[in-house]
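In: sequence first, then the predicted structure, then my questions.
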Amino acid sequence: MELLQVADAVAREKNIDKEHVLEAMEEAIKKAGRSKYGHEHDIRARIDRKTGEIQLTRYLEVVETVENEALQIDLAKAKRKNPAAKVGDFIVDPLPPIDFGRIAAQTAKQVIVQKVREAERERQFNEYKDRMGEIVNGLVKRVEYGNVTVDLGRAEGVLRRDESLPREHFKTGDRVRAYIYDVRREQRGPQIFLSRTHPMFMAGLFKQEVPEIYDGIIEIKAVARDPGSRAKIAVISKDSSIDPVGACVGMRGSRVQAVVGELQGEKIDIIPWNRDPATFVVNALAPAEVAKVVLDEENGKIEVVVPDDQLSLAIGRRGQNVRLASMLTGWDIDIMTEKEESDRRQEEFRTRSQLFMEALDVDDVIAHLLVAEGFTSVEEIAFVDLDELTAIDAFDEDVAAELQNRAQAFLEEQNARLEEKRRALGVDDDVAAVEALTPAMLVKLGENGVKTLDDLADLAGDELSEIVGKDALSVDDANAVIMAARAHWFADGEAGAAGQAAGETPAQPQG
């Protein structure tokens, strides 16, 4: 009974199953038995779960022919011990109880300690792997080179130096609150990694301070942090009668101040989330005012125009405001002043007008009219519906038809020059036959050494897009071109397989 009481006490102290402790004791007794009677024997130990009595036994397998006398017994001898014995059964011989000597007792203790530690580690891992994403409280146990070991009660966590806030120092015994971002099973036991810089740590603090977030009425859509300095959090309310920003700020700022205090004074901008990307970006750049927004959805970029006096506020110190807004929204944000945008538009207007004047042999008045109507290239003029040209003031049908003819003639002449250059560069006709590749693209391919279908097929999508220009060919379109170039590989393979199926002898390599 004393054994059962010890097992019960250890199980309670280590917070593990009593069965694990008893199994560890059985393992220790078995090891001591094998030390006494010989390691070659199959010796097993069992502790009676009701009385605590130790049963030590030796197992011998019944076989036709004995190969190992320590583990096997022949059928004739087995029948003398048990008349019902048959091949494959085990003869169980009881052994006298062990009188543990000092060394045997020490060995048994080491086995029990090891097994109990393994069970404790397994329990810790299983408990904390399900708690990833939670905020926990603990006491600082020790600090080594800025890395903090935190006592979580039933386990220890590690708060690494780079996961602590800047200028944050802990001493032994300090209380610390942190976010569990990872739990790993390692050789020295489960490692619980904590963080105070993780974006979700701030989200978790708001969840604790704002009942509406905890109840699911308000949802945190995105978080961006510059730990210890500034942060932005985007929130939305599922109840139209509740203001999400006001609820997070709290009465006289009590709720947000509680979070700021925990984060060592980190400034927090609470922003209303919006489904419309442009509106969301404008909100995210607060407190700066935005005059205009231009979206480029294909490239995930957004141009933001701000008044001249708002530029430094929009960018923030060392670019902090725009960087956080970009992290929060997921858009690449390019900020410019109204003057910069005006200068750029004037430069674009002048460049396009010059292009039309040279390509179409027209004066600046007609060129300016075309640009003002939104035409950006000669191709647009060459292939647009004639009605769109005649709709422009001062353009009758004759003028419109003449402009279109000149545009088409210019493109034909340009394509002829590019075709000639493509041939001079040695780009194969097979490459030129691939759809989506324009004459200008073919020349760029030739200049970069891509001259055959195999050369083209060997490229990656981003490589092809880079060569011909990302504006001319997106990565997705480039991937489609490359797959088209690879089609002959599969066609050749199928033709070879069909030839062999028809009885053709495959060509033998020469040499």
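Out: Thanks, I have it.
In: confidence score at Ala491?
Out: On pLDDT, Ala491 comes in at 65.
In: can you show me the helices along the stretch 351-500 of the chain?
Out: 364-372, 378-383, 386-390, 397-425, 429-432, 439-447, 453-457, 461-468, 475-501 (DSSP state H, counting those that start in this stretch).
In: just put those helices in JSON lines and tack on mean neighbour count.
Out: To be clear about C-beta, it is placed using only N, CA and C from the backbone, and glycine gets the same treatment. What follows is these, written out as JSON lines (neighbours: other C-beta atoms under 10 Å):
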{"stretch": "helix 364-372", "mean neighbour count": "17"}
{"stretch": "helix 378-383", "mean neighbour count": "17"}
{"stretch": "helix 386-390", "mean neighbour count": "14"}
{"stretch": "helix 397-425", "mean neighbour count": "15"}
{"stretch": "helix 429-432", "mean neighbour count": "15"}
{"stretch": "helix 439-447", "mean neighbour count": "20"}
{"stretch": "helix 453-457", "mean neighbour count": "18"}
{"stretch": "helix 461-468", "mean neighbour count": "18"}
{"stretch": "helix 475-501", "mean neighbour count": "14"}
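In: reformat those as JSON lines; add distance to Met202.
Out: Listed next are those as JSON lines, based on distance: least, C-beta to C-beta, whole Å:
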{"stretch": "helix 364-372", "distance to Met202": "49"}
{"stretch": "helix 378-383", "distance to Met202": "49"}
{"stretch": "helix 386-390", "distance to Met202": "53"}
{"stretch": "helix 397-425", "distance to Met202": "56"}
{"stretch": "helix 429-432", "distance to Met202": "53"}
{"stretch": "helix 439-447", "distance to Met202": "48"}
{"stretch": "helix 453-457", "distance to Met202": "48"}
{"stretch": "helix 461-468", "distance to Met202": "35"}
{"stretch": "helix 475-501", "distance to Met202": "34"}
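In: any idea which of those helices gets closest to Val210?
Out: With distances scored as C-beta to C-beta, the stretch of those nearest to Val210 is helix 475-501 (41.4 Å).
In: would you map out the domains in this protein?
Out: Structural domains assigned to the chain are 2-124, 131-195, 426-500, following automatic domain parsing.
In: mean pLDDT for the ones you listed: which is lowest?
Out: Taking each of those in turn, the one with the lowest mean pLDDT is domain 2-124, at a mean of 76.
In: after the biggest strand by length in the chain comes which helix or strand?
Out: The longest strand of the chain (DSSP state E) is strand 175-186. For strand 175-186, the following helix or strand on the C-terminal side (DSSP states H and E) is strand 189-195.
In: tell me how many other residues crowd Gly153.
Out: Gly153 is flanked by 10 other residues according to other C-beta atoms under 10 Å.
In: for it, give me its contacts.
Out: Gly138 (C-beta atoms under 8 Å, 6 or more residues apart in numbering).
In: let's verify it: helix, strand, or coil?
Out: coil (DSSP: H, G, I helix; E, B strand; the rest coil).
In: and what of Glu289?
Out: Using three-state DSSP, the secondary structure recorded for Glu289 is coil.
In: picking up where we left off before, which other helices and strands does the longest strand of the chain contact?
Out: Applying 3 or more C-beta pairs under 8 Å, 6 or more residues apart in numbering; DSSP states H and E, we find strand 175-186 packed against helix 102-129, strand 135-144, strand 147-151, strand 156-159, strand 189-195, helix 199-209.
In: mind exporting the C-alpha coordinates of the fifth one to PDB?
Out: So the one you mean is strand 189-195. Output of strand 189-195 as PDB, limited to C-alpha atoms (Å, rounded to 0.1, in the frame of the first residue of the first chain):
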ATOM      1  CA  GLY A 189      11.200  19.100 -23.300                       C
ATOM      2  CA  PRO A 190       8.400  21.200 -24.700                       C
ATOM      3  CA  GLN A 191       9.500  24.800 -25.500                       C
ATOM      4  CA  ILE A 192       6.800  27.400 -25.100                       C
ATOM      5  CA  PHE A 193       7.700  30.600 -26.900                       C
ATOM      6  CA  LEU A 194       6.200  33.900 -25.700                       C
ATOM      7  CA  SER A 195       6.100  37.300 -27.300                       C
END
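In: partner strands of it and their direction?
Out: Strand 189-195 pairs in its sheet with strand 156-159 (parallel), strand 175-186 (antiparallel), by DSSP bridges.
In: roughly how far does the residue in the chain sticking out farthest from the centre sit from Leu60?
Out: For the chain, the largest distance from the centre (C-alpha atoms, centre = their mean) belongs to Arg80, which lies 68.3 Å off. Going from Arg80 to Leu60 by C-beta to C-beta, to the nearest Å gives 13 Å.
In: any common contacting residues for the two?
Out: Residues touching both Arg80 and Leu60 by C-beta under 8 Å, 6+ apart: none at all.
In: thinking again about what came up before, so which of the strands paired with strand 189-195 gets nearest Val143?
Out: Nearest to Val143, of all those, is strand 156-159, at 9.4 Å by C-beta to C-beta.
In: distance between that closest one and the chain's centre?
Out: 23 Å (C-alpha atoms, centre = their mean, to the nearest Å).
In: cool, stretch 7-19 as well?
Out: Stretch 7-19 sits 40 Å away from the centroid of its parent chain (C-alpha atoms, centre = their mean).
In: got it, and stretch 465-481?
Out: Its chain's C-alpha centre and that of stretch 465-481 lie 25 Å apart, by C-alpha atoms, centre = their mean.
In: cool, stretch 376-384 as well?
Out: 43 Å.
In: again with stretch 160-173
Out: From the chain centre to the centre of stretch 160-173 is a distance of 26 Å (C-alpha atoms, centre = their mean).
In: cool, stretch 307-326 as well?
Out: With C-alpha atoms, centre = their mean as the basis, stretch 307-326 stands 28 Å off its chain's centre.
In: list the contacts of that stretch.
Out: Contact with stretch 307-326 is made by 224-226, 229-232, 269, 281, 284-285, 287-291, 304, 306, 332-333, 335, 337-339, as judged by C-beta under 8 Å, 6+ apart.
In: what about that stretch, start to end distance?
Out: One end of stretch 307-326 sits 19 Å from the other (C-alpha to C-alpha, to the nearest Å).
In: and the average pLDDT for that stretch is what?
Out: Here stretch 307-326 scores 87 as its mean pLDDT.
In: what's the answer for stretch 281-290, then?
Out: pLDDT averaged over stretch 281-290 gives 86.
In: how long is that stretch end to end?
Out: 9 Å.
In: now that stretch: buried residues?
Out: The neighbour-count check on stretch 281-290 (16 or more other C-beta atoms under 10 Å) flags Val281, Val282, Asn283, Ala284, Leu285, Ala286, Ala288, Val290 as buried.
In: element containing the third one?
Out: In this case it means Asn283. helix 277-284.
In: list buried residues within the contacts of stretch 307-326.
Out: 224-226, 229-232, 269, 281, 284-285, 288, 290, 304, 306, 333, 335, 337.
In: residue contacts, Met357?
Out: Residues near Met357 by C-beta under 8 Å, 6+ apart: Asp363, Asp364, Ala367.
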